[in-house]
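Colleague: How does the following fold in three dimensions:
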Amino acid sequence: MLPSTFQDKLKKEEEVKKRLVVKMEVAKFLQNTVAEMAKDIKAKRTGEMSTNAAELYAFINRVRAGAEVSNDELVRFASLFNDELTLDNLDRVQLVSMCQLLSIPPFGTDGFLRNRLRSQLDGIKQDDLLIRAEGLDSLTDDELRSASKARGMKAAFGEGAREYMKRQMQNWLDLSLNRGMPSS
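Modeller: Predicted coordinates for the structure are as follows:
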């Protein structure tokens, strides 16, 4: 291997690592936002809804700790937010964070960012339909990695990466297409 080729690969790997660090920071910010919203829901509501919010807060802490959660739990807790976590209700900081998570340049007005996010999410939904029609097994490793990145999910490398990404995409497709979970 030529030294220049080797340097290019190292630079590329470093750039990928830097982007991953940024995405992790954005994801942490969004998790904090959801945790704050859960606290607000708990404070505003009483009875069963308050109990659900307390369970949601515990659920978020489990996710942060790296525990695996089921799709049923995700669907159950998503119903707590109804319209509170839609693109129209996000402030600028949250919109910019979502743009960064989905590799969309975060420049422009709030309305412009909302439209870009909607367009990206619509494209992902169309891609989900194509992936379901063709099957996950028909995707190459690079295609799986690209699809994972487009959805803001971890794009794994190394041994066991393909199985991990397939399981992750299968869960995404189940939530997105079968259970009607909105992408946002």
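Colleague: For stretch 12-30, which outside residues touch it?
Modeller: With Cβ atoms under 8 Å, 6 or more residues apart in numbering as the test, stretch 12-30 has contacts from Val93, Gln94, Ser97, Met98, Gln100, Leu101, Ser103, Gly152. Backbone N, C-alpha and C define where each C-beta goes, glycine included.
Colleague: Which element, helix or strand, includes Asn93?
Modeller: Not Asn; residue 93 is Val. helix 92-101 (DSSP states H and E).
Colleague: tell me the centre residue of this protein?
Modeller: Nearest to the geometric centre of the chain sits Gly152, at 4.1 Å (Cα atoms, centre = their mean).
Colleague: tally of neighbours for Leu87?
Modeller: If you count neighbours by other Cβ atoms under 10 Å, Leu87 ends up with 17.
Colleague: Contacts only, for the closest residue in space to it that isn't next to it in sequence.
Modeller: Residue nearest to Leu87 in three dimensions, not counting chain neighbours: Arg114, with 4.9 Å by Cβ to Cβ, 6 or more residues apart in numbering. Shown in contact with Arg114 (Cβ under 8 Å, 6+ apart): Leu87, Asp88, Leu90, Leu95.
Colleague: Quickly check those for the two that are furthest apart.
Modeller: Between any two of the contacts of Arg114, the greatest separation by Cβ to Cβ is 10.3 Å, found for Asp88 and Leu95.
Colleague: Which one's more surrounded, these two?
Modeller: A count of neighbours by other Cβ under 10 Å puts Leu95 above the other of Asp88 and Leu95, at 22 against 10.
Colleague: Could you double-check that that one sits in contact with Asn115?
Modeller: No - using Cβ atoms under 8 Å, Leu95 makes no contact with Asn115, being 10.7 Å away.
Colleague: Three-state assignment for Lys154, please.
Modeller: When classified by DSSP: H, G, I helix; E, B strand; the rest coil, Lys154 comes out as coil.
Colleague: which ones are touching it?
Modeller: Per Cβ under 8 Å, 6+ apart, neighbours of Lys154: Ser148, Tyr164, Gln168.
Colleague: if I look at it, how far off is Asn89?
Modeller: Using Cβ to Cβ, to the nearest Å, Lys154 is found at 27 Å from Asn89.
Colleague: next one: Val96
Modeller: Applying Cβ to Cβ to Val96 and Asn89 gives a distance of 15 Å.
Colleague: Between the two, which is the more surrounded one?
Modeller: Shown here are Val96 and Asn89; by other Cβ under 10 Å, Val96 has more neighbours (18 against 11).
Colleague: What sits closest to that one if chain neighbours are left out?
Modeller: Using Cβ to Cβ, 6+ apart, the closest residue to Val96 is Pro106 (4.2 Å).
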